[in-house]
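Asks: whatever this is, show me its structure:
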Amino acid sequence: MKTTELYRIAERDGIKVERFLLNENKSVSVCVDAGLFVGLDGELNGADEKVCLAHELGHCETMSFYNMYSPFDVRGKHERRADIWAIKKLIPKTKYFWAVRHGYDDVYSLAEYFGVTPEFARKTAEYYGKLTA
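Replies: As a prediction, the model looks like this:
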């Protein structure tokens with residue numbers, strides 16, 4: 001999936017995507033009375049932009065937002081849901097296993113093949129399994 005397709009998903013679903021300077025994070029997403037919003041650091045591009053946008057859309061599409069003021073909310077649960085949504089959109093299971101069978105069997109070659117970051121390729125391999133290196 002291309003980054004432009006992710007922007008189309010956001011537009012289709014009424015998720016507003018804005019770019020601005022983020023000092024501590026590359027991206028954020030929020031759900032407020034006015035709707036769903038994704039913020040991307042203005043300097044993001046390429047694989048970083050694609051992965052961050054997919055992850056934040058994952059929060060919005062699965063409504064996986066956490067309350068930082070609640071001691072009962074588990075942040076990791078919401079991050080995992082967003083990651084899984086992003087993995088399934090950017091690297092569907094059938095395409096992942098096809099790539100692994102055809103020699104893209106390490107995180108760097110997978111990242112290059114799918115146009116994602118090595119860290120995202122690693123998360124994908126952990127989710128789907130069966131990576132040789």
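Asks: please name the residues that touch Pro92.
Replies: Neighbour list for Pro92: empty [criterion: Cβ atoms under 8 Å, 6 or more residues apart in numbering]. Bear in mind the C-beta positions are built from the backbone N, C-alpha and C, glycine included.
Asks: now do 10 Å
Replies: Neighbouring residues of Pro92 by Cβ atoms under 10 Å, 6 or more residues apart in numbering: 1, 98, 114, 128.
Asks: repeat that for Leu57.
Replies: Per Cβ under 10 Å, 6+ apart, neighbours of Leu57: 6-7, 9-10, 13, 15, 17, 27, 29, 36, 38, 82, 85-86, 89.
Asks: if we go to 6 Å?
Replies: Residues in contact with Leu57 (Cβ atoms under 6 Å, 6 or more residues apart in numbering): none are found.
Asks: if we can go back for a sec, okay if I get the contacts of Pro92 as TSV plus neighbour count?
Replies: Converted to TSV, these look like this (neighbours: other Cβ atoms under 10 Å):
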residue	neighbour count
Met1	18
Trp98	11
Phe114	22
Tyr128	16
